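I'll drop the sequence and a predicted model, then ask my questions.
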Amino acid sequence: MLNETHVADATSWVESANLKGADFPIQNLPFCAFADGEEQRLGVGIGDQILDLKACAHAGLLSGLDDEVVQSLQGAVLNDFMALGRDHWRAVRKQIFDLLKSDGESADTAQAVSGEILVAQSDVNLALAMNIGDFTDYECSHHHAKRMRKLMSGASKPLPNGYWLPRAYHGRSSSVVISGSPIYLPIGQIEAENETPVVKPCVNFDYELELGIIVGTGNERGHPIPIEEAEDHIFGFCILNDWSARDIQKWERLPLGPFLGKNHATSVSPWVVTMEAMAPFRAPQQAVPEEGWPEPLPYLDSEQNRASGAIDVNFQVLVSTEKMREEGMEPVVNSRNKTLDASWTIAQIVAQHTSNGCNLRPGDLIGSGTVSGETPSASACLMELSEAGSITREMPTGEKRSFLQVGDEVVFKGISEKEGYPRIGFGEVRGLVLPPAVDYS
Ligand code: MN
């Protein structure tokens, strides 16, 4: 639903927010957690600055909001605020929009104390903006599912359940880390030809580009969230890298699914772009990816979901080797990807997750699944791009890569763009592959 916070020609008195191509115009207002030597606080991104919410509260700039809302915005993480629900999220967005808008009602008052309420993004460290109780990783792209099945098992036909439900596994929240955290090459048990598996550092180390979905309000155990209400429970989005040790994964995965190949690390971008900010970038649920795709079962289907269940975000996957960076070379673009290649929507993901009565909680993280497109070059992981290692890419230094190696850095960037609207940036998620943290020999 569009409102005055989405108006395209609104500008901010924070000049950097008005620059063409800025990630954080006044129509975005993504949340973050940051620390600048003092305690961790919550903020909102505007241009190249952060609006310090605790400082705003102290300056009396949040006085139009309920006390419990103002209280929740002065914590170190978003969980308490997210638990309050969508009407309060909307009220806060409107209030902040009004504070930062060039001709907003409270703009003069806010601008007068700008030195107290604004901090430069370059002066602080960003942190995880929520305590993540649980992490679930989905598989939303039928193209990804089909190619991975072939590459992992040699099977030409997808498994039948993928036509009827969005598949997922439970991940590990303890190892979800903020962008820039070190990624240690995992050590694991890997299948070997002589039947005795070997324990060694992963050789087929991979990334998976995904949209991170952040749960705002949860549900009571035993009470599924109907698809019609599913989106009301989602607070916002980030970019997510589901680092994957393919050789460990391949050996361990049957019959119980991913485990140590995945749970060593998941990186997320620090900015939480809200569901509300995405309102102009909604699209119909995307056309079924192949003939014979069935109509969804009633609990995964709604008129609204068909009409506008998709969210349009475009990504870039950038990779550089240590040598490339030493020689001052730009990273190579491995792929460009988009959420519109997903066969399942966010509402279907939430409806499926809770359909058995499983309870979601504020701050839970859900990975959309690898957003690979139909053509192999639009694959959002190296397993697909390299066809399980059979295709080698030559980097600008002459180095060869099919999977990641120690010293490689992976960066995902995301933006939403639409004619007539300022673009909404998601920022980036970055991770450098380091050797295993312990001696393995
Ligand atoms: Mn994944």
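Looks like it came in fine.

Show me which residues of this structure are close to the ion?
Contact residues, the chain versus the ion (Cβ under 5 Å from the ion): D137, E208, D242. Any C-beta I mention is one placed from the backbone N, CA and C, and that applies to glycine too.

Report the buried members of these.
The neighbour-count criterion (16 or more other Cβ atoms under 10 Å) marks D137, E208, D242 among these as buried.

quick one on the thing from earlier: nearest to S153 among the residues of the chain next to the ion?
Within the residues of the chain next to the ion, the smallest distance to S153 is 17.9 Å, found for E208 (Cβ to Cβ).

Phi and psi next, for that closest one.
phi -140, psi 120 (degrees, to the nearest 10).

again with N241
Note on N241: backbone dihedrals following degrees, to the nearest 10 are phi -110, psi 110.

Tell me how far it lies from L300.
27 Å (Cβ to Cβ, to the nearest Å).

Who has more neighbours out of those two?
Neighbour comparison, N241 and L300: the larger count goes to N241, with 28 against 21 (by other Cβ atoms under 10 Å).

Just list whatever residues bridge to that one.
L209, S267 (DSSP bridges).

For stretch 38-49, which residues meet the burial criterion?
Buried residues in stretch 38-49, defined by neighbour count with 16+ other Cβ under 10 Å: Q40, R41, L42, G43, V44, G45, I46, G47, D48, Q49.

mind listing the helices for the stretch 51-200 of the chain?
For the stretch 51-200 of the chain, the helices defined by DSSP state H, counting those that start in this stretch cover 53-58, 67-72, 79-83, 86-100, 107-112, 114-117, 142-153.

Quick check: which of these is buried the most?
By mean neighbour count, with neighbours taken as mean count of other Cβ atoms under 10 Å, helix 79-83 ranks first of the helices of the stretch 51-200 of the chain at a mean of 22.

I'd like the average pLDDT over that one.
Helix 79-83 carries an average pLDDT of 98.

need the contact list for the closest residue to the ion within the stretch 201-350 of the chain.
When distances are taken as Cβ to the ion, the stretch 201-350 of the chain reaches nearest to the ion at D242, 3.5 Å away. By Cβ atoms under 8 Å, 6 or more residues apart in numbering, D242 lies in contact with D137, G171, Y207, E208, E210, K262, T266, G367, T370.

Neighbours of the fifth one, how many?
In other words, E210. Neighbours of E210 using other Cβ under 10 Å come to 33.

Touching, it and L240? I think so.
Yes - when contacts are counted by Cβ atoms under 8 Å, E210 is listed as touching L240 (4.4 Å).

overlap in contacts of the two?
By the contact definition Cβ under 8 Å, 6+ apart, E210 and L240 are jointly contacted by G367, S368.

where's Q249, which helix or strand?
helix 246-252 (DSSP states H and E).

pLDDT at the most far-flung residue of the chain relative to its centre, what is it?
No residue in the chain sits farther from the centre than N194, which is 40.3 Å out by Cα atoms, centre = their mean. Looking at N194, its pLDDT is 81.
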